[in-house]
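# Provided below are the primary sequence and the corresponding predicted coordinates.
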Amino acid sequence: MTVSNREISICQGSLLPIMPGEMHAIARTSCNPLVYEDFLFSLEFLDASDPDDWCRTHVLQRLVNHELFLPRPILQTSPMHQELAYFLHRANEASTAREGGYSMQIKAYLLLFLQCLYAHRIKAAAPSESGHEDIVRNTISFVKANYRHSISIDEAAAAAGFSRNHFMRVFHQETGETFITYLNRYRLEVAANLLRSTNSSVNDIAVESGFDNFSYFIRLFKKQYHTSPGRYRRSIFR
């Protein structure tokens with residue numbers, strides 16, 4: 001797994017927290033099948049309206065601002081693994097069952113999940129040496145807001161406030177991939193999520209994810225997920 005241009009080795013059962021706006025990618029290191037489950041949730045879902053709320057100021061805002069550093073990966077041998085896995089499992093159960101008050105159950109278990117992570121946080125972390133984090137962070141925000149529409153490298157560079165050549169060089173240096181590769185990967189992740197969570201047609205999902213060329217979408221999806229969108233969806237609900 002690559003997170004913010006740092007390679008992290010993970011094994012069966014590992015948990016890996018990804019912070020808001022962090023670049024990340026996963027790849028197999030062998031010919032064996034790669035199966036993973038992602039739990040996506042917005043920190044805004046857990047936020048309180050009170051500006052003096054302790055969780056908001058000490059945890060949520062610090063996560064958003066990349067000021068809170070968490071151990072990763074969290075291996076099955078870690079003392080907190082069982083507790084964290086339990087909270088995620090119960091939150092997922094509540095989301096699937098959707099019984100009365102299920103949103104409160106989800107929120108409660110996710111808050112317990114964050115509390116456990118906070119209790120095991122890394123108290124200090126070395127600052128980045130490159131000084132280019134803002135370029136990547138601004139680009140990620142720009143993509144999240146505009147991925148449904150056509151995005152050129154020039155537009156992304158302008159949003160980051162740099163020339164095309166400087167933007168391309170720095171983005172690749174910081175992330176290990178080109179901007180177009182990242183953009184396509186992000187759009188494919190959106191498409192995969194829609195395949196899992198909606199009944200929309202594959203063609204509609206391609207458009208909703210920002211692909212205006214259906215054949216290109218199918219080709220990229222097969223390359224990233226090693227199967228077609230239709231088979232991917234069927235495998236989820238098998």
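In hand now; what should we look at?
# So for F237, what's the pLDDT?
F237 carries a pLDDT value of 68.
# Over to S201?
Reported pLDDT for S201: 96.
# separation between it and Y36?
26 Å (Cβ to Cβ, to the nearest Å). (C-beta placed from N, C-alpha, C; glycine too.)
# next one: A119
In terms of Cβ to Cβ, A119 sits 25 Å off from Y36.
# Could you do I180 as well?
24 Å.
# Of those two, which one has the most company?
The residue with more neighbours, out of I180 and Y36, is I180; 13 against 9, by other Cβ atoms under 10 Å.
# list the helices and strands the helix or strand that R231 is a member of packs on?
According to DSSP states H and E, R231 maps onto helix 229-236. Contact analysis of helix 229-236 by 3 or more Cβ pairs under 8 Å, 6 or more residues apart in numbering; DSSP states H and E lists helix 179-197, helix 202-208, helix 214-225 as its packing neighbours.
# Check which residues of the last one are buried.
Judged by neighbour count using 16 or more other Cβ atoms under 10 Å, the buried positions of helix 214-225 are F217, I218, L220, F221, Q224, Y225.
# hey, where'd the helices end up in the chain?
Assigned by DSSP state H, the helices in the chain fall at 54-55, 61-64, 81-97, 102-119, 133-146, 153-160, 164-175, 179-197, 202-208, 214-225, 229-236.
# Save these as JSON lines, and put in distance to G21 too.
What follows is the helices of the chain, written out as JSON lines (distance: least, Cβ to Cβ, whole Å):
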{"stretch": "helix 54-55", "distance to G21": "20"}
{"stretch": "helix 61-64", "distance to G21": "8"}
{"stretch": "helix 81-97", "distance to G21": "21"}
{"stretch": "helix 102-119", "distance to G21": "17"}
{"stretch": "helix 133-146", "distance to G21": "5"}
{"stretch": "helix 153-160", "distance to G21": "13"}
{"stretch": "helix 164-175", "distance to G21": "12"}
{"stretch": "helix 179-197", "distance to G21": "12"}
{"stretch": "helix 202-208", "distance to G21": "22"}
{"stretch": "helix 214-225", "distance to G21": "21"}
{"stretch": "helix 229-236", "distance to G21": "26"}
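# what's near enough to touch I26?
I26 makes contacts with M1, T2, L34, Y36, as judged by Cβ atoms under 8 Å, 6 or more residues apart in numbering.
# just these now: which is nearest M168?
Of all the contacts of I26, M168 sits closest to T2, with 18.7 Å by Cβ to Cβ.
# Quick check: beta-bridge partners of the closest one?
In this entry, T2 is beta-bridged to E7, A25, by DSSP bridges.
# ok, back up a step: how far is the helix holding R231 from where the chain is centred?
20 Å (Cα atoms, centre = their mean, to the nearest Å).
# what comes into contact with it?
Contacts for helix 229-236 (Cβ under 8 Å, 6+ apart): A191, A192, L195, R196, V202, I205, A206, F217, I218, F221, Y225, T227.
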